[in-house]
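Visitor: how would this look folded up:
(one chain, ligands or ions: 1)
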Amino acid sequence: MEKKMRDLEDELFPSTPGKVKIERAHAMNRQFHRCFASTSTMFLWALFLIALTASYLSFQSFVDTSSKYFTASWGGLHWERQVRASAIPRRPNGFSVLVTGAAGFVGSHVSIALRKRGDGVLGLDNFNSYYDPSLKKARKTLLASHGVFVVEGDVNDARLLAKLLDIVPFSHVMHLAAQAGVRYAIENPNSYVHSNIAGLVTLLEACKAADPQPAIVWASSSSVYGLNEKVPFSESDTTDRPASLYAATKKAGEEITHTYNHIYGLSITGLRFFTVYGPWGRPDMAYFSFTRNILQGKPITVYRGKDRVDLARDFTFIDDIVKGCVASLDTAEKSTGSGGKKRGPAQYRIYNLGNTSPVTVPTLVAILERHLKVKAKKNIIEMPGNGDVPFTHANISLARRELGYKPSTNLEAGLKKFVKWYLSYYGYGRTNAGKNLFAFRVAML
Ligand SMILES: O=C(O)[C@H]1O[C@H](OP(=O)(O)OP(=O)(O)OC[C@H]2O[C@@H](n3ccc(=O)[nH]c3=O)[C@H](O)[C@@H]2O)[C@H](O)[C@@H](O)[C@@H]1O
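Guide: Below is the predicted model of the structure:
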């Protein structure tokens, strides 16, 4: 028995030092034996590594799950104090505004503008990784320096929303949290449904149940005009031909908000933004990614429409958009319901916020080249069928009449401000990057 065991052991661990038997002298046999030995050792090591990896992964998933369920990133007395302090207005009759998507591009600008004039502002943002979250964190730091606290949370979190609306009697909600970007909808369609539809409904449910009900101003999009060919685009035009899922979710948002206005008396203002750009902007947008690539000497892809027609956008500078947002809050009437019951008809509005002077994409590139003093390496290709529309052009008469909206920054001036911010934010001209840029400019001109 003992011998059998030893033989078995020899077979399983034949290459273990001191285990090779002298009596097995036959060369062929030894070779076969060695070969078998290394294979089975490798097999055992592989088994060991698989077991180790499996236990690491299950430990990780345990950590993830438990952190999701056991460590809420919000709550507690200190947190509630921060929420209240941030939301308190500092001017007579000032607003108390919940800004969703506050660490986003438009959200951070609007929050600071409101704060500067003495309104109370509380931010909410989920800091997702659609684009570099460190930019969102930097905006959060900027907001904190202005006294705006940003709660880390998702608009799909009904408990969090109920808690916030319970702690603070918000007069307004500026709803800017969304899954943005037209072409990304091809890659990740569900993120649009999650944020722009489910998240919107969760927010409206919380607002309808609140007492007082806040007035809501929210970001729709110029993309709802889709394949509309009548220019310029007016609010009364039909918007039933969206070209992307993104556009479809924004259009759905307009219908959904109408329902909540109709049933619960929520005051609603939808703003159709036209390709907003500027300092602290979104890295996924063309003007931003073009700037990055041009500075790094990488090529940019410029889409062109059918029959070699240039694409055009009604690019709108962030400061003009902020004025439109603030004017919308200022002119919003109160919601009429309370605690989920409508008490009378409530205001429902939709406005275009554009610049009303479309510029082609090649012109955008030429302006950037001038401001950066670097020539772009352009790949010009036909626009892929990925949700893009050939042009946008806003009719802004309604916003001008009812909000006093009057955009005052053209693309040339707006991009100059953007480039100045970009160079300073990314450290060009300060460090080695600046030297590289200088070398680049010399090389390219
Ligand atoms: O106005 C709007 O409603 C929308 O504006 C932008 O969407 P878009 O106008 O497509 O803005 P960009 O992604 O910056 O594209 C601007 C133009 O550059 C073109 N482009 C984009 C990317 C690229 O690599 N090359 C290129 O030529 C696009 O086709 C488009 O004509 C925003 O990304 C949307 O979130 C927003 O809702």
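
Visitor: count of neighbours near Leu403?
Guide: A count of neighbours around Leu403, defined by other Cβ atoms under 10 Å, yields 22. Bear in mind the C-beta positions are built from the backbone N, C-alpha and C, glycine included.

Visitor: err, Glu152, not the other one
Guide: For Glu152, the neighbour count with other Cβ under 10 Å is 14.

Visitor: please apply the same query to Gly404.
Guide: As a burial measure, Gly404 scores 12 neighbours (other Cβ under 10 Å).

Visitor: got the contact list for the closest residue to it other than its chain neighbours?
Guide: Nearest non-adjacent residue to Gly404, counting by Cβ to Cβ, 6 or more residues apart in numbering: Ala327, 5.8 Å away. Applying Cβ atoms under 8 Å, 6 or more residues apart in numbering, we find Ala327 in contact with 403-405.

Visitor: which residue ranges form the helices in the stretch 201-350 of the chain?
Guide: According to DSSP state H, counting those that start in this stretch, the stretch 201-350 of the chain carries its helices in the segments 245-264, 286-296, 318-331.

Visitor: so how far is the shortest one off the chain centroid?
Guide: Between the mean C-alpha point of helix 286-296 and the mean C-alpha point of its chain there is a distance of 18 Å (Cα atoms, centre = their mean, to the nearest Å).

Visitor: check the first one too.
Guide: Here the centre of mass of C-alpha atoms in helix 245-264, compared against the chain's by Cα atoms, centre = their mean, lies 20 Å away.

Visitor: now do it: which elements does it pack against?
Guide: Contact here means 3 or more Cβ pairs under 8 Å, 6 or more residues apart in numbering; DSSP states H and E; on that basis helix 245-264 packs against helix 189-192, helix 199-209, strand 215-221, strand 268-273, strand 348-353.

Visitor: Leu415: which of those is closest?
Guide: Across these, Leu415 has its closest neighbour in strand 268-273 (17.5 Å, Cβ to Cβ).

Visitor: what angle separates that closest one from helix 245-264?
Guide: When axes from the mean of the first three to the mean of the last three Cα atoms, to 10 degrees is applied, the directions of strand 268-273 and helix 245-264 differ by 160 degrees.

Visitor: now strand 268-273: mean pLDDT?
Guide: For strand 268-273, mean pLDDT is 99.

Visitor: list of residues touching stretch 80-90?
Guide: Residues outside stretch 80-90 that contact it (Cβ under 8 Å, 6+ apart) are 95-98, 118-123, 147-149, 151, 164, 167-168, 170.

Visitor: those in strands, which ones?
Guide: Counted as lying in strands by DSSP state E, out of the contacts of stretch 80-90, are 96-98, 120-123, 149, 151.

Visitor: low-confidence ranges in the stretch 101-250 of the chain?
Guide: Across the stretch 101-250 of the chain, nothing is flagged by pLDDT under 70.

Visitor: wait, Pro214 sits on Val173?
Guide: Yes - between Pro214 and Val173 there is a contact under Cβ atoms under 8 Å: 4.7 Å.

Visitor: shared neighbours, the two?
Guide: By Cβ under 8 Å, 6+ apart, Pro214 and Val173 have these common neighbours: 98, 207.

Visitor: so Thr331 touches Tyr405, yeah?
Guide: No - counting by Cβ under 8 Å, Thr331 stays clear of Tyr405, with 10.4 Å between them.

Visitor: so which of the two has more stuff around it?
Guide: Tyr405 (23 against 15).

Visitor: now the more buried one: how far from Asp319?
Guide: 12 Å (Cβ to Cβ, to the nearest Å).

Visitor: cool, and Leu227?
Guide: Taken as Cβ to Cβ, the span from Leu227 to Asp319 is 31 Å.

Visitor: more neighbours: which of those two?
Guide: Between Leu227 and Asp319, Asp319 has the larger neighbour count (other Cβ under 10 Å), namely 17 against 11.

Visitor: tell me the predicted confidence for the more buried one.
Guide: Asp319 is assigned 98 on the pLDDT scale.

Visitor: identify the contacts common to Thr331 and Tyr405.
Guide: With Cβ under 8 Å, 6+ apart, Thr331 and Tyr405 have no common neighbours.

Visitor: so which helix or strand takes in Asp136?
Guide: One correction, residue 136 is Lys, not Asp. Per DSSP states H and E, Lys136 falls inside helix 133-145.

Visitor: and that helix, what does it pack onto?
Guide: Counting contacts by 3+ Cβ pairs under 8 Å, 6+ apart, helix 133-145 packs against helix 105-116, strand 120-125, strand 149-152.

Visitor: can you rerun that using 7 Å?
Guide: In terms of contacts (3 or more Cβ pairs under 7 Å, 6 or more residues apart in numbering; DSSP states H and E), helix 133-145 is packed against helix 105-116.

Visitor: list the contacts of the closest residue in space to Asn293 that isn't next to it in sequence.
Guide: Of all residues beyond its chain neighbours, the one nearest Asn293 is Ile300 (4.8 Å), with distances taken as Cβ to Cβ, 6+ apart. Ile300 is in contact with 290, 293-294, 376-378, counting by Cβ atoms under 7 Å, 6 or more residues apart in numbering.

Visitor: check Val151 too.
Guide: Contacts of Val151 by Cβ under 7 Å, 6+ apart are 74, 83, 122-124.

Visitor: show me what contacts Met174?
Guide: Counting by Cβ under 7 Å, 6+ apart, Met174 has contacts 97, 99, 110, 217, 325, 329.

Visitor: so how far is the ligand from His109?
Guide: The gap separating His109 from the ligand is 15 Å, by Cβ to the nearest ligand atom, to the nearest Å.

Visitor: picking that back up, which of the helices and strands packed on helix 245-264 sits most buried?
Guide: strand 215-221 (a mean of 26; mean count of other Cβ atoms under 10 Å).
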